[in-house]
Each structure stands twice: as structure tokens, then as C-alpha cells.
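Chemist: Mind folding the following:
(one chain, ligands or ions: 1)
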Amino acid sequence: MSGKRVLGLLLARPLIAVAIAAVVVGVLLLVQTDKETTPVTHRTEHIALSDKQQTKLGSQQYDKTLRENRAAIVSSGADYAQVQRVARRIEAVAGRDKPAFDWKVTLLRKDEANAYCLPGGKIVVYTGILPVTRNDAALATVLGHEVAHATAEHAAERIERNHLTKVAAAIIAGGVAFTPRQYVRVSALLGAAGSLPFSRSQESEADHIGVIYMARAGYHPRQAVAFWKRMQRASKGKQLPEFASDHPSDQHRIERIQGWLPEAEREYTPAHVS
Ligand SMILES: [Zn+2]
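Modeler: Predicted coordinates for the structure are as follows:
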């Protein structure tokens, strides 16, 4: 096709021109795949989405979730205060590894023992997890694990492996150049709604980083073991949420966490209650 004909086609169909522009912008935003190192475990991974792009992608998903669940948002009371208190301390620790992330937590009234953290630091906690966590340290175990998925860039890594990075970049750039099907695939890989997008090794890595984060935030890491035992009992015979998924099978998960305790205890200093 000649340049003239292409131009003519674009002028005749402005929507196509906008879509192509979005793809071009999306691709230009991806300079190259960067070598990144995960916190704590020091694993090398190849990620094309920058921290800023991940934050934008996560924020778009977060805004959508809050819009759809407006009536369930808890914004006062003891549960709200606990989630804010614990999240603030975990975010302060995780923020040292990802200064460009923009942290925020929302508690939703949902009768499901679940929580998740989107790329870039937006956290959602369901009230259904609180009867199992019971105390700040166990809630720090859950938040440490979820936040670790974000700082280790697990969603971006999965998007990369599924060859959806350009689609994700186009969504970030303006959301034109993608089909609804591609959009759904990218959203599913973000870990939104506590679905199960992560691999066994990513789950294990989130456990490891999470237990170090909780220790650095001033919560005794031994509480992670007590929490997982409670979670095991609470979830007997039920469909497990993402973070409690049995692909790191519960018994082995507890054994592995026990193996990381000496490292975590070296990083533990009791925090002053604020
Ligand atoms: Zn997980």
C-alpha cells in the first residue's frame, strides 16, 4: 500500500488512526526489557514494564474495583484502623525496594478470606480474612506476602511470559489498541480479585520476601507460622483464595517458612506501637 493510500485510509477512519497511535505510543514506552533483581531473594528477572507503568496499570484496575464495590468499602471502625495501621508499616518497608510505587490500601466488606496487591502498590483486603488473622502480626503476614508479589514484579513477569507486554503498554497509554479479550487476559494476570495468576515458585518467593518484610516492619516472624496453621484449619475443605492456594502445599509452606525464620529473626526489631 502506498503512503498516500495509507494516509487516505487513516483520514477516512479516525478510530483506526487513534488505535494505531495508541499502539505506537505503547511500543515507544517500552524501550527494552530491563534486567531486574527481586528483593530479598536476589533473583534476576526480565521485565519490560517500568515501575511507573506498573503503578499506572495497577491504579487503573484498582479504580475500577473501587467503582464496582463502592457500597462495600469500609472507611471507619476498628477493622479499618487495624488494616491501615498494619499496611502503613508493611508499605514503609516495601517502599524501600520500590520507591516509585504508590501505596494505598482499601478494606472491602466481603465474606471471603482474601487479600491482594496490584502492581505498583494498591492493596485490597476483604473483611473475611480478619477472623483468621486475628492480630496485627498475622495480618502483616498476609500483607507481606501480597506486597511481595508487587515488589518482585510477579504480575509484570507473567505478562511478559505471556507475550502481553505490548497490550499492557497500550492499555496504559490510553486503552484503545486492544481487544476486550486481550484486556481480560491482562487483567487476569494482574492478580485482581484474588484470582490465581502466580506460579508455584512465585508463591514461594512471595512467602520468603513476605516473612522478611513483616520482620523488618517490627512483627515477630514466628507469627507467620501460627497464622498459616490457623489458615489451614479455617480453609479445610473450602476453595482456597490466591494467597492460601495449595500450590505451595500448606504443610510444605509452613516447613519452608520455618526454614526462613533464622534469617527473618535477624531482621526483626520490635516496633514501638504508634
Ligand atoms: Zn500469593
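Chemist: avg pLDDT for the helix or strand containing Gly95?
Modeler: For Gly95, the host element (DSSP states H and E) is helix 78-97. Averaged across helix 78-97, pLDDT comes to 98.
Chemist: Convert the C-alpha atoms of stretch 134-154 to PDB, please.
Modeler: Taking Å, rounded to 0.1, in the frame of the first residue of the first chain, the C-alpha atoms of stretch 134-154 are listed here in PDB:
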ATOM      1  CA  ARG A 134      -7.000 -12.100  64.500                       C
ATOM      2  CA  ASN A 135      -3.900  -9.900  65.300                       C
ATOM      3  CA  ASP A 136      -1.700  -7.300  63.600                       C
ATOM      4  CA  ALA A 137       1.300  -9.700  63.200                       C
ATOM      5  CA  ALA A 138      -0.800 -12.300  61.200                       C
ATOM      6  CA  LEU A 139      -2.300  -9.500  59.100                       C
ATOM      7  CA  ALA A 140       1.300  -8.400  58.400                       C
ATOM      8  CA  THR A 141       2.000 -12.000  57.200                       C
ATOM      9  CA  VAL A 142      -0.800 -11.700  54.700                       C
ATOM     10  CA  LEU A 143       0.100  -8.200  53.600                       C
ATOM     11  CA  GLY A 144       3.800  -9.000  53.500                       C
ATOM     12  CA  HIS A 145       3.100 -11.900  51.100                       C
ATOM     13  CA  GLU A 146       0.800  -9.800  48.900                       C
ATOM     14  CA  VAL A 147       3.000  -6.800  48.700                       C
ATOM     15  CA  ALA A 148       6.000  -9.100  47.900                       C
ATOM     16  CA  HIS A 149       4.100 -10.200  44.700                       C
ATOM     17  CA  ALA A 150       4.200  -6.500  43.700                       C
ATOM     18  CA  THR A 151       7.800  -5.600  44.700                       C
ATOM     19  CA  ALA A 152       9.000  -8.800  43.000                       C
ATOM     20  CA  GLU A 153       7.000  -7.700  39.900                       C
ATOM     21  CA  HIS A 154       5.400 -11.100  39.600                       C
END
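Chemist: Report whether that stretch contacts the ion.
Modeler: No: if you take CB under 5 Å from the ion as the test, stretch 134-154 misses the ion, and the best it gets is 5.5 Å. For glycine as for every other residue, the C-beta is placed from the backbone atoms N, C-alpha and C.
Chemist: That stretch: which residues count as buried?
Modeler: Buried residues in stretch 134-154, defined by neighbour count with 16 or more other CB atoms under 10 Å: 136-154.
Chemist: What's the separation between Ala206 and Val142?
Modeler: As judged by CB to CB, to the nearest Å, Ala206 and Val142 stand 11 Å apart.
Chemist: Can you give me the neighbour number for Arg88?
Modeler: For Arg88, the neighbour count with other CB atoms under 10 Å is 13.
Chemist: can you count the residues close to Arg230?
Modeler: By other CB under 10 Å, neighbour count at Arg230 equals 15.
Chemist: before we move on, what about Ala271?
Modeler: Look at Ala271: counted by other CB under 10 Å, it has 12 neighbours.
Chemist: Okay, strands next: where are they in this structure?
Modeler: Ranges of strands in the chain, per DSSP state E, are 34-37, 44-47, 73-74, 104-108, 115-117, 122-126.
Chemist: Return the most buried member of the ones you listed.
Modeler: strand 115-117 (a mean of 29; mean count of other CB atoms under 10 Å).
Chemist: May I have the strands that pair with it, each with its orientation?
Modeler: Looking at strand 115-117 with DSSP bridges, its partner strands are strand 122-126 (antiparallel).
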